[in-house]
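Enquirer: here you go, sequence then predicted model.
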Number of protein chains: 2
Amino acid sequence: MGTSLRDQGLAVKAAARELAGASNEQRSGVLRRVARELAEREEELLAINSAEVARYTEGGAGRDRLTLTPSRIASMIEALVNLSEEPDPLFELVDERRRPNGLVARRIRVPLGVVGVVYENRPNVTSDVAGLCVKSGNAAFLRGSSSALESNRFIAGLFRAALVAEGLSESGVSLVEDVSHETAAEFMGLTGVIDCLIPRGGPSLIRAMREHARVPYVLDGDGNCHVYVDAPSDLDQALVIVVNAKTSRPGVCNAAETLLVHRDVAPEFLPRLVEEMPEVELRGDEATRALVAATPVTEEDYAQEFLDLILAVRVVDSLEEAIDHVARYGTGHSEAIVTTDEAHAETWVRRVDAAAVVVNASTRFVDGGELGLGGEVGISTQKLHARGPMGLRELTCVKWVLLGEGQVR
Amino acid sequence: MGTSLRDQGLAVKAAARELAGASNEQRSGVLRRVARELAEREEELLAINSAEVARYTEGGAGRDRLTLTPSRIASMIEALVNLSEEPDPLFELVDERRRPNGLVARRIRVPLGVVGVVYENRPNVTSDVAGLCVKSGNAAFLRGSSSALESNRFIAGLFRAALVAEGLSESGVSLVEDVSHETAAEFMGLTGVIDCLIPRGGPSLIRAMREHARVPYVLDGDGNCHVYVDAPSDLDQALVIVVNAKTSRPGVCNAAETLLVHRDVAPEFLPRLVEEMPEVELRGDEATRALVAATPVTEEDYAQEFLDLILAVRVVDSLEEAIDHVARYGTGHSEAIVTTDEAHAETWVRRVDAAAVVVNASTRFVDGGELGLGGEVGISTQKLHARGPMGLRELTCVKWVLLGEGQVR
């Protein structure tokens, strides 16, 4: 299989060179075609998918992620149509400078080339990621999970047919068919083929990436996100924000996991919060437990992403203490403050080191769609290349163009 | 030693948080102080360095790189003074958008945090890299070679004293003291400490990085650079450019390694080239050898960086063939065309996939100083984060700042 995965990769690479030269019309045309086909062949896809779901032996969250529904397919279609209407992310003149010797140095925006994505059950990721890649002139090299192979193959097939219909190579969207564990490391080691590897998955995938990746990658890491309710703050606003950040979709990375609350407002705020979201289990420090019912919080609780209706709570003495807590336990994803003090907000923005710092809003806005990036292939928690949601622009790089008239050094 | 390298790293990380909050005045002040001290204590540094050179048992290029001279120290000083005068690269508002719900989403430029650099003999790198890091608000965590340890320690010491004099922590510039091979992998694996690792060295260092790095890194890879002399082209101009690209400093990564020349101009061009640079050994294909004296070229020659006064030469039938040759053998560094045909130039710029594409100028301009980036910490041949010379801007990242008035999703 070794040779064949690399061979497949080389075909993807050749397709990437071609896609880089395709017009925005062609690239957007691919997306529109797939959107149409998805609508027309929805029943077919649902049948393939429900057979896969029926064969799936594991439980809860995995099964839910694997399952396509008419509404999920509608979202896939909508995302593709919206993406097709986005302005062309390519060939923008990023900057230009004329050097003293007359040399003109430009930077222009170009595709990355081959974007490799490793993901788990969700077949909708196939459509979302392939759409973003094609729109940005990149080839998508996709490695999904074995449980979703049939659904993924169907969706990738629509893209491949649409690429051909637009006069492009079908290899521009390619699916790894052998998704055994043995090929994972090989896929992550395809140097000279994959220009950017993006893992979308849990801690074990991230560990595997750190171990096996030999190509450049962007980590879509954990989101241990905090909301800090400051004194002074508008507690009605704080209530709405904390409830939204914790409960609107607890299983996603931009959901809040720990609440920090200033000592001065905790006695009023915490009982109101409990009343507002009784379904959430609180794990609190001593000061919290003196005010509301909560199980004792542990170091591990502060450090983990619950991805569930559980919230760690700590009462702090100061903004300083809140910032220190976030520096210690945060994963650099999204960190919110609720405050009416502008200087406190400014301090938070300056000093908290995260992909996104949020003032008086829910952490849930840290999302490519919500921020108008045309969707996202993931949310980067590292600092290189992309930080936060990775949309169309984050799937590009710049190339220097030096224009001379015979200059030498 | 394991614990102590990580402990040192945590101190560097704490210093990075502090440096991120330092003013441009403080950061530039550090550079000015080091420049002054270098000038005043030049004799001391030269003495330390010549003792190291005397102990150095290996030959030529390594010894030369290790050696500091008054003129090299003058260059270090000049670089620091120039950097201190560069505009502040931090806190620029990169963009701002207001979402339909009123949320304001900004991106602002912030430091990366801890920049780790692994490098070989050259002690001037210590000064250049630490200067760029401090100016851009990053802490520099430096791992030089054992042969240059004393010189590096002296230079880093000047930075540490200058940081303290500006009211900052001396850990902002830290040198790894145990530079044994055992600690290399450990250094490259300092997750949670190093935000960006930059290797400056040859293929063996790059291999070690791919194997051992567990932190985000930017590869400063090989430069197998080409110059293609097109038909039609101005052969006088082509001559000057090829000679400059090959001979002005053959040991650096932006020097030319292979000349591609169009069949129509080869009979006139190649004999003139040989006359112009008789000191260069040519390795040519059959068509070349029919025109000038050259040893037969091999596949390995096309694929390698000679870093010496050797040039591979191939006669091509078309622009197309030149582009294909570069796609096959190039390392994505700097690729030049000499042409008087604008459409050919445009095709080259669009289709050659490299950090820098150059039209009618020497590849030697692909350099942070030459392009006005305030110097460089290396030249990236990958596409993520930075491509080409990494200057001040490439030592920064962006952070999302979301400003709301209670918005929830």
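Expert: Perfect, thanks for sending it.
Enquirer: count of neighbours near residue A:25?
Expert: 10 (other Cβ atoms under 10 Å in any protein chain shown). All C-beta atoms are positioned from the backbone trio N, CA, C, and that covers glycine.
Enquirer: next: residue A:204.
Expert: 8.
Enquirer: over to it: give its phi and psi.
Expert: phi -70, psi -30 (degrees, to the nearest 10).
Enquirer: next: residue A:199.
Expert: Per degrees, to the nearest 10, the backbone of residue A:199 is at phi -90, psi 130.
Enquirer: equivalent analysis for residue A:206, please.
Expert: With angles defined as degrees, to the nearest 10, residue A:206 sits at phi -60, psi -40.
Enquirer: wait, it touches residue A:199, no?
Expert: Yes. Using Cβ atoms under 8 Å, residue A:206 is in contact with residue A:199, at 6.4 Å.
Enquirer: next, show the common contact partners of the two.
Expert: residue A:219 (Cβ atoms under 8 Å, 6 or more residues apart in numbering or on different chains).
Enquirer: quickly find the element holding residue A:7.
Expert: Assigned by DSSP states H and E, residue A:7 falls within helix A:2-20.
Enquirer: just the buried residues of the helix or strand bottoming out on mean pLDDT in chain A, please?
Expert: Taking mean pLDDT, DSSP states H and E as the measure, the helices and strands of chain A show their lowest mean at helix A:60-66, namely a mean of 84. Using 16 or more other Cβ atoms under 10 Å in any protein chain shown as the test for burial, helix A:60-66 gives A:62, A:65-66.
Enquirer: out of those residues, who's nearest chain B?
Expert: residue A:65 (20.0 Å; Cβ to the nearest Cβ).
Enquirer: which strand runs longest in chain A?
Expert: Taking DSSP state E as the criterion, chain A has its longest strand at strand A:396-407.
Enquirer: is any part of that strand close to chain B?
Expert: Yes. Strand A:396-407 is in contact with chain B by Cβ under 8 Å from any Cβ of the partner chain, via A:397-407.
Enquirer: could you find the closest non-adjacent residue to residue A:360?
Expert: Closest residue in space to residue A:360, ignoring its immediate chain neighbours: residue B:404 at 4.5 Å, by Cβ to Cβ, 6 or more residues apart in numbering or on different chains.
Enquirer: return the residues in contact with the one you found.
Expert: Applying Cβ under 8 Å, 6+ apart, the residues near residue B:404 are A:358-362, A:365, B:102-104.
Enquirer: ok, of those, which come out buried?
Expert: Neighbour counting with 16+ other Cβ under 10 Å marks A:358-362, A:365, B:103 as buried within those.
Enquirer: what number of residues lie near the closest residue to residue A:397 other than its chain neighbours?
Expert: Once flanking residues are discounted, residue A:397 sits nearest to residue B:383: 4.3 Å by Cβ to Cβ, 6+ apart. Residues lying near residue B:383 (other Cβ under 10 Å) number 23.
Enquirer: same thing with residue A:276?
Expert: 13.
Enquirer: buried residues in the longest strand of chain A, which are they?
Expert: A:396-404, A:406-407.
Enquirer: turn the residues of strand A:396-407 next to chain B into CSV, including pLDDT and distance to residue B:42.
Expert: CSV is the format used below for those (pLDDT from 0 to 100; distance: Cβ to Cβ, whole Å):
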residue, pLDDT, distance to residue B:42
A:397, 96, 41
A:398, 95, 39
A:399, 96, 41
A:400, 97, 36
A:401, 97, 40
A:402, 97, 36
A:403, 97, 40
A:404, 97, 37
A:405, 97, 40
A:406, 97, 39
A:407, 97, 34
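Enquirer: what does the stretch 101-250 of chain A have sitting close to chain B?
Expert: Within the stretch 101-250 of chain A, the positions adjacent to chain B are A:103, A:105, A:110, A:112-113, A:191, A:195-196, A:210-211, A:214, A:216, A:218-219, A:234, A:237, A:240-241, A:243-245, A:248 by Cβ under 8 Å from any Cβ.
Enquirer: surely residue A:392 touches residue A:135?
Expert: Yes. Using Cβ under 8 Å, residue A:392 is in contact with residue A:135, at 6.1 Å.
Enquirer: higher neighbour count, residue A:206 and residue A:199?
Expert: Between residue A:206 and residue A:199, counted using other Cβ under 10 Å, residue A:199 has the larger neighbour count: 24 against 17.
Enquirer: tell me the contacts of that one?
Expert: A:117-119, A:205-206, A:208-209, A:217, A:219-220, A:378.
Enquirer: separation between it and residue A:336?
Expert: Relative to residue A:336, residue A:199 is positioned 26 Å away (Cβ to Cβ, to the nearest Å).
Enquirer: tell me, how many residues neighbour residue A:178?
Expert: Around residue A:178 there are 15 residues (other Cβ under 10 Å).
Enquirer: how about it, phi and psi?
Expert: phi -90, psi 100.
Enquirer: and if you look at residue A:98?
Expert: phi -100, psi 120.
Enquirer: what's around the closest residue to residue A:253 other than its chain neighbours, how many residues?
Expert: Spatial nearest neighbour of residue A:253, excluding adjacent residues (Cβ to Cβ, 6+ apart): residue A:223 at 3.3 Å. Here the number of neighbours of residue A:223 (other Cβ under 10 Å) works out to 24.
Enquirer: need the pLDDT of residue A:223.
Expert: At residue A:223, the predicted lDDT confidence score is 92.
Enquirer: and it, which of the three is it?
Expert: What DSSP: H, G, I helix; E, B strand; the rest coil gives for residue A:223 is coil.
Enquirer: show me the shaky parts of chain A.
Expert: Applying pLDDT under 70 to chain A flags the ranges A:1-3.
Enquirer: and it, what are its domains?
Expert: By the assignment in automatic domain parsing, chain A contains the domains A:2-220+A:390-403, A:225-365.
Enquirer: what's the spacing between the residue of the stretch 101-250 of chain A found nearest chain B and residue A:308?
Expert: Residue of the stretch 101-250 of chain A nearest chain B, by Cβ to the nearest Cβ: residue A:244 (3.6 Å). Separation of residue A:244 from residue A:308 (Cβ to Cβ) stands at 16 Å.
Enquirer: ok, what's across the strand from the residue of the stretch 251-400 of chain A found nearest chain B?
Expert: Among the residues of the stretch 251-400 of chain A, residue A:361 lies closest to chain B, at 2.8 Å counting by Cβ to the nearest Cβ. Assessed by DSSP bridges, residue A:361 has beta-bridge partners residue B:407.
Enquirer: how near is it to residue A:306?
Expert: In terms of Cβ to Cβ, residue A:361 sits 21 Å off from residue A:306.
Enquirer: so residue A:105 lies in a strand, does it not?
Expert: Yes. Secondary structure assignment places residue A:105 in a strand (three-state DSSP).
Enquirer: what about it, neighbour count?
Expert: 24.
Enquirer: same deal with the one 10 residues further on?
Expert: The number of residues packed near residue A:115 is 27, by other Cβ under 10 Å.
Enquirer: now whatever helix or strand it lives in - C-alpha only, CSV.
Expert: Taking DSSP H and E as the criterion, residue A:115 maps to strand A:114-119. Provided in CSV are the C-alpha atoms of strand A:114-119 (Å, rounded to 0.1, in the frame of the first residue of the first chain):
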residue,chain,number,x,y,z
VAL,A,114,-2.3,20.0,-1.3
VAL,A,115,-4.3,20.3,1.9
GLY,A,116,-4.5,17.1,3.8
VAL,A,117,-7.3,16.6,6.3
VAL,A,118,-7.6,13.8,8.9
TYR,A,119,-11.0,13.7,10.4
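Enquirer: between whichever helix or strand comes after that strand and strand A:114-119, how many degrees?
Expert: Sequence-wise, the next helix or strand downstream of strand A:114-119 (DSSP H and E) is helix A:124-135. Here helix A:124-135 runs at an angle of 170 degrees relative to strand A:114-119 (axes from the mean of the first three to the mean of the last three Cα atoms, to 10 degrees).
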